[in-house]
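Student: Could you look at this predicted model? Sequence included:
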Amino acid sequence: MKLPPAIKIIAALLIASPLFNYVFTAYKLNLRLDEPLLVFRNLSLLVLFLFFAPAAAGLGLMRIRRWGWRLFVGYGIILIAYNTSVLLRRLDGENIFLYAHTIIALILMFYFLRKDIAAPYFSLETRGRRRSRRTPASLNVSINGETKALRDISRKGIYVLFPSCPLRLNSRTEVILNAGKESIVVTGGIVRIDQDGVGIAFRDMNRKLWKKVSRALKEEAAQIAS
């Protein structure tokens, strides 16, 4: 699965952040860069976690792992809370780095909490046990005006046979399901792209629409069986 360039850049910066943190901490403590034991000896367990957690989170985000997304969100919450407590105790120009750090963390938190950005980390095809039952289907579906065939479907989303799909990961698209005699229009987000097709997560599939799709699937199965 391909990641958008923005997520790759953010993940790479997170992986490299312990190095930046080390240089900044050594400078603030008036210690030399070749004295790591002295630098780390002055840090609490909480600060050590904030020191190294972003590297692990960045690796998880780069590899599109759910734990990476969760670790990043947890790290962001703890970082914002810690920086805020420090700033409330001491508001002065020396903490300009913390001001900037907190603002950047807030922006990144809002970015990764967006449904379309978080979707690939909670993909239709979760590793291990699947979170929703998927049914093989041969209904036709229209995506941006192109008619394609389904491979399978669940209430959470669909997998469409769409080689060389021009759509990008996390992009939104209109999906028209040709369910029996009627067409059902839903909004979807691209959560997976591979050589055979794309995985699309539904954004607004409600119970009423799903009943129509289920009915069409049953009619399709009955026609195949007859």
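Tutor: Good, I have the coordinates. Every value quoted in this text rests on a predicted model; they were computed, and no experiment measured them.
Student: what's downstream of the strand or helix carrying N83, the next helix or strand?
Tutor: Assigned by DSSP states H and E, N83 falls within helix 66-89. Using DSSP H and E, the helix or strand that follows helix 66-89 towards the C-terminus is helix 96-113.
Student: what element comes up after that next one heading to the C-terminus?
Tutor: Taking DSSP H and E, what comes next after helix 96-113 is helix 115-118.
Student: And the average pLDDT for that following helix is what?
Tutor: Averaging pLDDT along helix 115-118 gives 72.
Student: gap between it and the chain center?
Tutor: Remark: helix 115-118 is offset 5 Å from the chain centroid, using C-alpha atoms, centre = their mean, to the nearest Å.
Student: sec struct for N178, please.
Tutor: Counting by DSSP: H, G, I helix; E, B strand; the rest coil, the backbone at N178 sits in strand.
Student: From what I see, it and S142 are in contact.
Tutor: Yes - assessed by C-beta atoms under 8 Å, N178 is found in contact with S142 at 7.3 Å. C-beta coordinates here come from the backbone N, C-alpha and C atoms, glycine included.
Student: count of neighbours near the spatially closest residue to G199 that is not a sequence neighbour?
Tutor: Spatial nearest neighbour of G199, chain neighbours left out: R192 (3.2 Å); criterion: C-beta to C-beta, 6 or more residues apart in numbering. Look at R192: counted by other C-beta atoms under 10 Å, it has 20 neighbours.
Student: so what pLDDT did R192 get?
Tutor: pLDDT for R192: 84.
Student: give me phi/psi at it?
Tutor: Main-chain dihedrals, R192, degrees, to the nearest 10: phi -150, psi 140.
Student: what are the ranges of the strands in the chain?
Tutor: 135-136, 140-143, 146-153, 157-161, 172-179, 182-193, 197-202 (DSSP state E).
Student: The longest one packs against which elements?
Tutor: Strand 182-193 is packed against strand 157-161, strand 172-179, strand 197-202, helix 207-225, with contacts defined by 3 or more C-beta pairs under 8 Å, 6 or more residues apart in numbering; DSSP states H and E.
Student: Sheet-wise, list the partners of that strand with their directions.
Tutor: Take DSSP bridges as the rule and strand 182-193 pairs in its sheet with strand 172-179 (antiparallel), strand 197-202 (antiparallel).
Student: so of those strands, which one's packed in deepest?
Tutor: strand 197-202 (a mean of 23; mean count of other C-beta atoms under 10 Å).
Student: distance between that one and the chain's centre?
Tutor: Averaging C-alpha positions (C-alpha atoms, centre = their mean) puts strand 197-202 14 Å from its chain's average.
Student: Mean pLDDT lowest where, among the helices and strands packed on strand 182-193?
Tutor: Among the helices and strands packed on strand 182-193, helix 207-225 scores lowest, at a mean of 75.
Student: Which among the strands of the chain is found nearest to G68?
Tutor: strand 182-193 (15.3 Å; C-beta to C-beta).
Student: how much does the closest one deviate in direction from strand 157-161?
Tutor: 80 degrees (axes from the mean of the first three to the mean of the last three C-alpha atoms, to 10 degrees).
Student: For strand 182-193, buried residues please.
Tutor: For strand 182-193, a neighbour-count test (16 or more other C-beta atoms under 10 Å) marks I184, V186, G188, G189, I190, V191, R192, I193 as buried.
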